[in-house]
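>>> With the input below, show me the fold.
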Amino acid sequence: MKFEDFKSGIYRSQYQYKSFLPAGVNQEWTWNDPRINVLLEKATQALGELKAFSRIVPNVDLFISMHILKEANTSSRIEETKTEIDDVVKEADAIVPEKRDDWQEVQNYVQAMNEAIQHLDTLPLSLRLIRRTHEILMNNVGRKHRAPAEFRTNQNWIGGSSLADASYIPPHINDMHDLLDDFEQFLRNDKIMVPHLIRCAIAHYQFETIHPFFDGNGRIGRYS
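Coordinates of the predicted model:
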């Protein structure tokens, strides 16, 4: 499939609303636009420079752990948590009660990311691993409908107060599981010859489009 010819999906009528049904992604990908090659080269070069810098940092594990803390805090703030970076490094008993739920969400993010990286030594990148990571992310937080490790069982939406005024309505659950199967096959399909960064971009897009959890989709997608 050429990027230029790709049709992202269709809107499917449900009861009193339309959900978006994305096209599958488990297929070969090509493109004609030379700008993609140039941007891919720049991104790959930047990753190479980062890898080179990591070899001269005296304690790279400490550097990475602080980066994860920063990423966890930044990503969680997108979800309207109010924790500052200096709070993130404190112990729970040093956090004022009104900030403790937000602090816990950031700590869960850090734990989820660290454990997911460790599990990659023994588990493939899969729906099983994603659900396990979501379970850690949503553990012991006060969000409504958090449903740790469980894919949604009814319709969700993004933006607005209801389906009537939503900015985006992900695929219906009747379509969701087939899409997730296609997504997982794409993650593990070593016959698709595309650069890793392109595969990551497609996977991130498809996961967020499917939006399979009640809550935490953004953070799971960004950590991935």
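
>>> Was I right to think residue 203 contacts residue 186?
Yes - using Cβ atoms under 8 Å, residue 203 is in contact with residue 186, at 6.6 Å. All C-beta atoms are positioned from the backbone trio N, CA, C, and that covers glycine.

>>> Residues in contact with both of those two, list them for me.
Listed as contacting both residue 203 and residue 186 by Cβ atoms under 8 Å, 6 or more residues apart in numbering are residue 25.

>>> how distant is the strand or helix carrying residue 110 from the center of its chain?
If you go by DSSP states H and E, residue 110 is part of helix 100-119. Counting by Cα atoms, centre = their mean, to the nearest Å, helix 100-119 is centred 14 Å from the centre of its parent chain.

>>> Now do the very next helix or strand once past it: which elements does it pack against?
Remark: after helix 100-119, the chain's next helix or strand is helix 127-137, criterion DSSP H and E. The elements that helix 127-137 packs onto, with contact taken as 3 or more Cβ pairs under 8 Å, 6 or more residues apart in numbering; DSSP states H and E, are helix 100-119, helix 173-188, helix 217-223.

>>> Next, the angle helix 127-137 makes with the second one.
Counting by axes from the mean of the first three to the mean of the last three Cα atoms, to 10 degrees, helix 173-188 points 110 degrees away from the direction of helix 127-137.

>>> Could you do the first one as well?
Helix 100-119 runs at 150 degrees relative to helix 127-137, counting by the same axes, to 10 degrees.

>>> Against which helices or strands is helix 100-119 packed?
helix 60-78, helix 85-88, helix 127-137, helix 217-223.

>>> let's go with 7 Å and repeat that
Judged by 3 or more Cβ pairs under 7 Å, 6 or more residues apart in numbering; DSSP states H and E, helix 100-119 is in contact with helix 60-78, helix 127-137, helix 217-223.

>>> which parts of that helix are buried?
101-113, 116, 119 (16 or more other Cβ atoms under 10 Å).

>>> Let's have the helices and strands packed on helix 127-137 in CSV, adding distance to residue 211.
What follows is the helices and strands packed on helix 127-137, written out as CSV (distance: least, Cβ to Cβ, whole Å):
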stretch, distance to residue 211
helix 100-119, 18
helix 173-188, 9
helix 217-223, 5
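
>>> Adding distance to residue 198 and mean pLDDT, write the ones you listed out as CSV.
As requested, these are exported to CSV (distance: least, Cβ to Cβ, whole Å; pLDDT from 0 to 100):
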stretch, distance to residue 198, mean pLDDT
helix 100-119, 21, 83
helix 173-188, 12, 97
helix 217-223, 16, 84
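
>>> Can you say which of these is nearest to residue 7?
Among the helices and strands packed on helix 127-137, the nearest to residue 7 by Cβ to Cβ is helix 173-188 (15.0 Å).

>>> picking that back up, weakest of the helices and strands packed on helix 100-119 by average pLDDT?
Ranked by mean pLDDT, the helices and strands packed on helix 100-119 end with helix 60-78 at the bottom, a mean of 68.

>>> Out of the buried residues of helix 100-119, which is nearest to residue 130?
Of the buried residues of helix 100-119, the one sitting nearest to residue 130 (Cβ to Cβ) turns out to be residue 116, at 8.4 Å.

>>> Touching, the closest one and residue 135? I think so.
No - Residue 116 lies out of contact with residue 135 (Cβ atoms under 7 Å); the separation is 11.0 Å.

>>> Just list the residues touching the residue lying closest to residue 22 once chain neighbours are set aside, thanks.
Among residues not flanking residue 22 along the chain, residue 9 sits closest, at 3.9 Å (Cβ to Cβ, 6 or more residues apart in numbering). By Cβ atoms under 7 Å, 6 or more residues apart in numbering, residue 9 lies in contact with 20-23.
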